[in-house]
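Asker: output the structure for:
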Amino acid sequence: MTPRVLAAVPGGAGASSPPIRRGAMVARPWRGFVAGLADLLRGRGEAPASSGAEQPWQRAAARRRAVLLAIVTLSALAATALLLHSLPETGSPWLRAGQVGLFALLFAWVSAGFVTAMMGFWVLWRGDRHALSARAAGHAPIHAEARTAIVMPICNENVASVFAGLRATCESLAATGAARLFDVFVLSDTNDPEIRAAELAAWAELRDTLGEGARVHYRWRTLRKKRKSGNVADFCRRWGRNYRYMVVLDADSVMSGDALVTLVRLMETNPRAGIIQTAPRACGLTTLHARAQQFAGRVTGRLFTAGMQFWQLGESHYWGHNAIIRVAPFMQHCALAPLPGRGGLAGEILSHDFVEAALMRRAGWHVWLVDDLDGSYEQQPANLLDELQRDRRWCQGNLQNARLVTEPGLHGVHRAMLLTGAMAYLSAPLWLGFVLAGSALWLLGERGSFGLHGGVSAGATALWLATVAMLALPRVAGVAAILMRGRQREYGGTPALLRGALLEAGLSVLTAPLRMIAHTLFVIGALTGLKLDWKSPPREASDIGWRDAAQRFGTIGALALAGVAALLWIEPRAALWLAPMGLPLVLAVPVIVLTSRSALGRRALAHRLLMTPEEHSAPRVLRHAWHFARRAAPAPVWHDAVTDPWLFEVVRHAMGPRNTGWGSRGRARRLLVRGLVDQDTERLSPADRLRLLAEPQSIVQLRDQIAANTLPGRSGWSLMRA
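Answerer: Numbering: from 1, shown residues only. From the prediction side, this is the model:
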């Protein structure tokens with residue numbers, strides 16, 4: 001084969017990281033919920049930092065939020081009054097009061113989502129002159145000092161897909177002619193030595209493929225603290241002073257070069273912008289579940305994104321990826337201290353992005369969401385179990401964030417975001433509690449509350465229709481927005497768009513009760529500190545087996561079946577009322593299995609069902625990413641780092657001119673490798689393998705020791721990969 005050589009990069013021949021230029025990033029301790037609440041009640045709360053004279057968008061945002069609050073409050077009050085009028089006066093007053101209270105809160109929650117979606121429909125139809133638009137970037141030249149780092153934190157990922165997407169992003173950036181302004185950093189927290197060896201190989205191949213001028217760096221943390229937020233903070237402390245901006249990507253992110261350059265231009269033309277968040281388009285997976293989520297994001301999700309932008313404006317969300325950040329204020333104001341105390345809501349902050357946005361705004365910087373910027377992409381979980389595994393972490397993180405709602409200096413809109421983030425998961429047990437309260441009232445003899453005797457009241461019918469309408473109309477509005485803009489062809493045509501919308505709505509009805517039960521368990525686990533075993537299959541395994549699904553939802557399905565059977569025996573009409581929740585739970589296992597099937601997803605695509613614009617006509621950057629992933633060579637294993645000459649040189653040079661052969665550490669490594677032969681390396685612990693990959697002298701000693709102890713007649717390089 002043709003021998004491969006290491007490219008020379010700044011920081012040493014083959015070094016994976018540039019020279020360190022340290023900067024400070026110090027976390028401010030949290031005031032605490034009770035102390036912060038006391039300060040607010042006494043009028044002693046810290047005011048947010050000023051961002052200069054009040055701007056027109058701030059006045060518009062205040063008016064819009066007042067209208068939103070008024071509509072939600074009035075609709076909840078009217079619906080609650082109608083419910084009180086419809087319920088009979090008999091039965092337990094405590095249960096009745098609990099049911100009414102839960103209904104008022106949940107109706108307000110549904111109303112807020114509905115009004116937000118309608119705001120989004122208005123924006124898509126008429127536009128918003130106060131919003132930050134990608135069109136505002138223009139084509140102004142970017143100053144040479146506006147250097148930007150593209151940082152991608154990863155941890156035990158599918159190496160081939162990660163580096164395929166990164167290569168497509170880098171090549172697209174190079175095509176813009178602005179690549180000289182960008183450096184790329186892959187920030188690894190991987191703790192699997194096999195994956196880490198594959199990462200090193202993929203990084204070196206990417207750097208060689210892009211050419212000698214490409215600045216693609218790789219950093220592996222020895223001390224992995226605070227997960228993703230700690231990884232990004234580690235980058236900022238080491239190299240943040242070198243850059244004006246950084247674009248944060250997830251492992252599954254792909255961005256076009258035009259999108260990256262536009263983000264920098266938006267920052268340059270908006271000097272008070274601290275964070276600008278894009279609206280990533282979900283794409284790239286073929287399972288029925290993933291394709292339904294991708295379709296929903298494009299049809300209905302656009303309305304919610306535009307609606308949030310409508311009432312948030314310059315005090316918006318940050319979602320942790322596919323966003324650009326002004327590095328200096330981020331380092332100064334957005335370091336995260338751990339939450340004090342014990343239990344599931346203490347310790348390191350898991351959902352760091354919402355908090356970082358709140359801290360950036362507290363410091364006087366603006367946080368914008370730009371929903372009309374094309375070229376920003378991500379992947380959704382391939383199946384429902386993967387989605388719930390992700391939601392478990394998000395649930396705990398969002399509940400943690402609710403502890404920060406009284407922190408001094410936060411803007412009111414970000415306090416509301418922290419509360420709504422928690423409510424996104426608290427709503428599940430609240431819905432379940434509402435249903436159980438109604439069931440308890442019925443069991444105590446108040447059957448009229450279900451309309452089982454004497455017919456269904458007009459008030460109950462109106463409330464039911466209003467709730468269904470608020471849940472369904474955003475989907476209708478999303479389809480209407482596509483038709484009004486004449487873009488139905490990108491979704492397979494009008495008939496395919498309508499059929500896809502109906503199919504996605506049906507799948508949503510089937511999976512919503514499953515999410516409700518799972519989120520309820522997650523909330524209980526987070527609030528009580530109970531450890532819940534909820535592991536999803538590997539990310540590469542999109543098709544869920546029947547046994548895996550039964551382990552997660554078999555018991556829940558059996559209990560639901562028993563409950564439905566009991567209701568059918570006692571009072572069939574009650575079973576009819578509860579069927580929308582009970583039947584999906586009974587069918588939970590087959591729903592999870594079938595929606596995870598790639599074959600069903602591809603069959604739906606063949607019939608133009610659930611088609612998205614990215615599937616109809618994929619942008620070049622996505623086509624390249626998918627092509628590179630399909631062509632990826634088999635990943636090396638850890639043993640290849642010693643036996644393959646090319647990969648050995650990559651590993652040896654990657655850490656730069658570090659001397660790890662002296663002192664107690666050097667003696668420990670020499671004792672570790674002494675006497676090892678080729679076969680003995682399999683008995684090294686994962687921790688030892690990771691250390692050897694990070695220590696140049698140690699990996700050289702291991703290679704030399706194996707070569708010296710090779711049995712006669714056998715070449716020490718007989719396992720070299722082609």
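
Asker: for stretch 572-584, which residues meet the burial criterion?
Answerer: 574-575, 577-578, 581-584 (16 or more other Cβ atoms under 10 Å). For glycine as for every other residue, the C-beta is placed from the backbone atoms N, C-alpha and C.

Asker: likewise for stretch 589-597?
Answerer: For stretch 589-597, the neighbour count (16+ other Cβ under 10 Å) marks 589, 591-597 as buried.

Asker: re the thing from before, just the buried residues of stretch 572-584: which are in helices?
Answerer: Judged by DSSP state H, helices contain the following of the buried residues of stretch 572-584: 574-575, 577-578, 581-584.

Asker: mind putting the buried residues of stretch 572-584 in TSV, pLDDT and distance to Ala279 included?
Answerer: TSV is the format used below for those (pLDDT from 0 to 100; distance: Cβ to Cβ, whole Å):
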residue	pLDDT	distance to Ala279
Ala574	69	43
Ala575	70	42
Trp577	74	38
Leu578	78	37
Met581	87	32
Gly582	87	36
Leu583	91	34
Pro584	93	30
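
Asker: now those as JSON lines including distance to Pro634?
Answerer: Listed next are the buried residues of stretch 572-584 as JSON lines, based on distance: Cβ to Cβ, whole Å:
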{"residue": "Ala574", "distance to Pro634": "58"}
{"residue": "Ala575", "distance to Pro634": "54"}
{"residue": "Trp577", "distance to Pro634": "55"}
{"residue": "Leu578", "distance to Pro634": "52"}
{"residue": "Met581", "distance to Pro634": "47"}
{"residue": "Gly582", "distance to Pro634": "47"}
{"residue": "Leu583", "distance to Pro634": "45"}
{"residue": "Pro584", "distance to Pro634": "41"}
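
Asker: farthest pair in these?
Answerer: The two members of those with the most space between them (Cβ to Cβ) are Ala574 and Pro584, at 17.3 Å.

Asker: show me the shaky parts of the stretch 1-150 of the chain.
Answerer: Within the stretch 1-150 of the chain, the stretches with pLDDT under 70 are 1-14, 51, 88-91.

Asker: quick check, nearest of the ones in helices among the buried residues of stretch 572-584 to Leu561?
Answerer: Nearest member of these to Leu561, counting by Cβ to Cβ, is Gly582, at 8.4 Å.

Asker: list the contacts for the closest one?
Answerer: 513, 560, 563-564, 567, 575 (Cβ atoms under 8 Å, 6 or more residues apart in numbering).

Asker: so of those residues, which ones are in helices?
Answerer: 513, 560, 563-564, 567, 575.

Asker: before we move on, the earlier item: may I ask which of the contacts of Gly582 has the most neighbours?
Answerer: Pro513 (24 neighbours; other Cβ atoms under 10 Å).

Asker: kindly confirm my reading that Val355 is in a strand.
Answerer: No. Going by DSSP: H, G, I helix; E, B strand; the rest coil, the assignment for Val355 is helix, not a strand.

Asker: number of residues surrounding it?
Answerer: Val355 has 26 nearby residues by other Cβ under 10 Å.

Asker: I figured it hits Leu336, correct?
Answerer: Yes. Val355 is within contact range of Leu336, at 6.3 Å (criterion: Cβ atoms under 8 Å).

Asker: quick check: neighbours shared by those two?
Answerer: Ile349.

Asker: ok, the ones in helices among the buried residues of stretch 572-584 vs Ala233, which is closest?
Answerer: Among these, and counting by Cβ to Cβ, the member closest to Ala233 is Pro584, at 41.7 Å.

Asker: was I right to think that closest one contacts Leu510?
Answerer: Yes. Using Cβ under 8 Å, Pro584 is in contact with Leu510, at 4.7 Å.

Asker: overlap of the contact sets of these two?
Answerer: With Cβ under 8 Å, 6+ apart, Pro584 and Leu510 have common neighbours Val591.

Asker: before we move on, the earlier item: quick one: which of the ones in helices among the contacts of Gly582 has the lowest pLDDT value?
Answerer: The member of these with the lowest pLDDT is Ala575, at 70.

Asker: identify the residue spatially nearest to that residue, adjacent ones excluded.
Answerer: Ranked by Cβ to Cβ, 6 or more residues apart in numbering and with sequence neighbours excluded, the top spatial neighbour of Ala575 is Leu567, at 3.9 Å.

Asker: separation between the one you found and Ala579?
Answerer: Counting by Cβ to Cβ, to the nearest Å, the separation of Leu567 from Ala579 is 9 Å.

Asker: tell me where this structure has strands.
Answerer: 8-9, 12-13, 148-154, 182-188, 216-220, 245-248, 254-255, 273-278, 281-282, 323-326, 366-370, 376-378 (DSSP state E).

Asker: pick the most buried one from those.
Answerer: strand 254-255 (a mean of 29; mean count of other Cβ atoms under 10 Å).

Asker: give me the helices and strands touching that one, please.
Answerer: helix 159-175, strand 376-378, helix 620-631 (3 or more Cβ pairs under 8 Å, 6 or more residues apart in numbering; DSSP states H and E).

Asker: and these as TSV, adding mean pLDDT and distance to Arg552?
Answerer: Below are these laid out as TSV (pLDDT from 0 to 100; distance: least, Cβ to Cβ, whole Å):
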stretch	mean pLDDT	distance to Arg552
helix 159-175	95	25
strand 376-378	96	25
helix 620-631	94	29
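
Asker: wait, which of these is closest to Pro18?
Answerer: For Pro18, the closest of the helices and strands packed on strand 254-255 is helix 159-175, at 16.5 Å, according to Cβ to Cβ.

Asker: relative to strand 182-188, how tilted is that closest one?
Answerer: With axes from the mean of the first three to the mean of the last three Cα atoms, to 10 degrees applied, the angle from helix 159-175 to strand 182-188 works out at 170 degrees.

Asker: roughly how far does the residue nearest to Phe114 when sequence neighbours are not counted sit from Leu463?
Answerer: The shortest distance from Phe114 to any non-neighbouring residue, by Cβ to Cβ, 6+ apart, is to Met470 (3.9 Å). Look at Met470 and Leu463: by Cβ to Cβ, they are 11 Å apart.

Asker: rebuild the strands of the chain as TSV, extending it with distance to Trp57.
Answerer: TSV is the format used below for these (distance: least, Cβ to Cβ, whole Å):
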stretch	distance to Trp57
strand 8-9	43
strand 12-13	48
strand 148-154	25
strand 182-188	29
strand 216-220	37
strand 245-248	22
strand 254-255	26
strand 273-278	12
strand 281-282	25
strand 323-326	18
strand 366-370	9
strand 376-378	22
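
Asker: of those, which is nearest Thr420?
Answerer: Closest approach to Thr420 among the strands of the chain (Cβ to Cβ): strand 366-370, 14.8 Å.
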